[in-house]
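Student: got a predicted structure here, sequence first:
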Amino acid sequence: MNPAAPPAPLRAPLEIEFDYTRSLGPVLSQFMTGLADRRILGARGTDGRVHAPPFEYDPVTGEPPGELVPVGPEGTVVSWSWMPEPLAGQPLEHPFAWALIRLDGADTALLHAVDAGPSGPAAMRTGMRVRARWAADRTGSIRDIECFEPPDAATTDAVVTGAASTGTSREQAGEPVTGTITPVRLSYMHTASPGESSYLRGLAEGKLLGQRCGVCGQVYVPPRGTCPADGVPTREEVQLPETGTVTTFCVVNVGYPGQRALGITPPYVAAAVLLDGADIAFQHLVLGCEPGEVRMGMRLRAVWGDAGNISHFTPTGEPDAAYETYARHL
Ligand SMILES: [Zn+2]
């Protein structure tokens, strides 16, 4: 008789999204501000070469550049790669080329999109001449150049542009751009390991499942599938209680976008929680008391949320655990 097949690992689509905000500094501020005025600027290095986009520090001497010099708006494709199925948020919605373009007057190349026109990739070649197509709405961003295109293209300086997904700090025309916001998004399919799958299935039933190493006896939760100390598979499943101890913690005082959706606002405590019987702590929220009351050794119990998961931990009110009981997990 065949043994029952193990349940298939769990899979789920995950999406990570955040805005990357950076200040531009004096050089890139000039570069971005120039783009809003349809000017592309480069920096001349001490070796005489013109870099476009400009460097912030000379690659030879480490010094900031002097006055920036205009380059382009035409240039030559140095290298390219075809993008047959553009992703959301990319410069063009139809197939296009990513290209390294050496602008006239520059010695280095700039990465940008090339709209090759109706011939598609057949029109692309190394050495082809292109020129910037300016966006109608320019805010002081690399997206002020909508793309590059062959000089004889009929679509120069399109009036209609896609929604700008890159923000800047420019409040009104004429002011220098001092910052840039780049939205970052990553979509992927996560396949849980067999150990993680059983842990997640346990959570859905209100159980905390870990695994014990057959060599050293350490209990890992969530399970890793192998013991990092012995390098052997951890096959013995262990159900752990919902109670544990704060080993270390921090008070979070800085908020972040989307935090309110979780129902928490700073200040709040994120703690390393060592479940009773476990040999490794995991991080979770501690709610239900003032942040200032949380301390090392504080006893906690899990509070379950609606979605088959632990919402947070909260104090049990028991006396604190003795330091010796968790000291080796710090
Ligand atoms: Zn082990």
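Tutor: All right, it came through fine. Numbering: from 1, shown residues only.

Student: and the strands in the stretch 1-150 of the chain, which stretches?
Tutor: Secondary structure of the stretch 1-150 of the chain (DSSP state E, counting those that start in this stretch): strands at 11-23, 40-44, 50-51, 69-71, 74-83, 96-103, 110-114, 129-134, 145-149.

Student: these: which one's closest to residue 242?
Tutor: When these are compared by CB to CB, strand 11-23 sits nearest residue 242, at 24.4 Å. No exception for glycine: its C-beta is placed from N, CA and C like everyone else's.

Student: quick check: residues of the protein near the ion?
Tutor: By the criterion of CB under 5 Å from the ion, the positions of the chain lying close to the ion are 213, 215, 216, 227, 229, 230.

Student: now the fifth one: closest residue in space that isn't a chain neighbour?
Tutor: I take that to be residue 229. Among residues not flanking residue 229 along the chain, residue 216 sits closest, at 5.5 Å (CB to CB, 6 or more residues apart in numbering).

Student: tell me, how many residues neighbour the one you found?
Tutor: A total of 13 residues lie near residue 216 under the criterion other CB atoms under 10 Å.

Student: wasn't it part of a strand?
Tutor: No. Applying DSSP: H, G, I helix; E, B strand; the rest coil, one finds residue 216 to be coil, outside a strand.

Student: so is the closest residue to residue 225 other than its chain neighbours in a helix, a strand, or just coil?
Tutor: Closest residue to residue 225 apart from its sequence neighbours, by CB to CB, 6+ apart: residue 195 at 4.1 Å. State at residue 195, reduced to three classes by three-state DSSP: helix.

Student: and the pLDDT for residue 195?
Tutor: Residue 195 is assigned a pLDDT of 88 by the prediction.

Student: in contact with it, which residues?
Tutor: Applying CB atoms under 8 Å, 6 or more residues apart in numbering to residue 195 gives the contacts 211, 222, 223, 224, 225, 234.

Student: where does pLDDT dip in the chain?
Tutor: Counting by pLDDT under 70, the chain contains low-confidence ranges at 1-4, 154-174, 257-258, 260-261.

Student: helices of that one, start to end?
Tutor: With DSSP state H applied, the chain shows helices at 25-36, 194-204, listed in chain order.

Student: deepest in the core, which of those helices is it.
Tutor: The densest packing among these, expressed as mean neighbour count by mean count of other CB atoms under 10 Å, is seen in helix 25-36 with a mean of 20.

Student: what's it packed up against?
Tutor: In terms of contacts (3 or more CB pairs under 8 Å, 6 or more residues apart in numbering; DSSP states H and E), helix 25-36 is packed against strand 40-44.

Student: contacting residues for the closest residue to residue 91 other than its chain neighbours?
Tutor: Nearest in space to residue 91, with sequence neighbours left out and distances taken as CB to CB, 6+ apart, is residue 113 at 4.0 Å. Contacts here follow CB under 8 Å, 6+ apart; on that basis residue 113 touches 83, 90, 91, 92, 96, 97, 98, 99, 147, 148.

Student: what residues are up against the third one?
Tutor: Contact partners of residue 91, counting by CB under 8 Å, 6+ apart, are 112, 113, 143, 146, 147.

Student: same deal with the last one?
Tutor: If you count contacts by CB under 8 Å, 6+ apart, residue 148 has them with 75, 99, 101, 112, 113, 114, 115, 130, 131, 132, 133.

Student: ok so, going back, what would the helices of the chain look like in JSON lines with distance to residue 253?
Tutor: Conversion of those to JSON lines gives the following (distance: least, CB to CB, whole Å):
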{"stretch": "helix 25-36", "distance to residue 253": "28"}
{"stretch": "helix 194-204", "distance to residue 253": "29"}
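
Student: residue 45 is nearest to which of the ones you listed?
Tutor: When those are ranked by distance to residue 45, counting by CB to CB, first place goes to helix 25-36 at 12.4 Å.

Student: tell me what angle that closest one forms with strand 129-134.
Tutor: Helix 25-36 and strand 129-134 meet at an angle of 90 degrees, taking axes from the mean of the first three to the mean of the last three CA atoms, to 10 degrees as the criterion.
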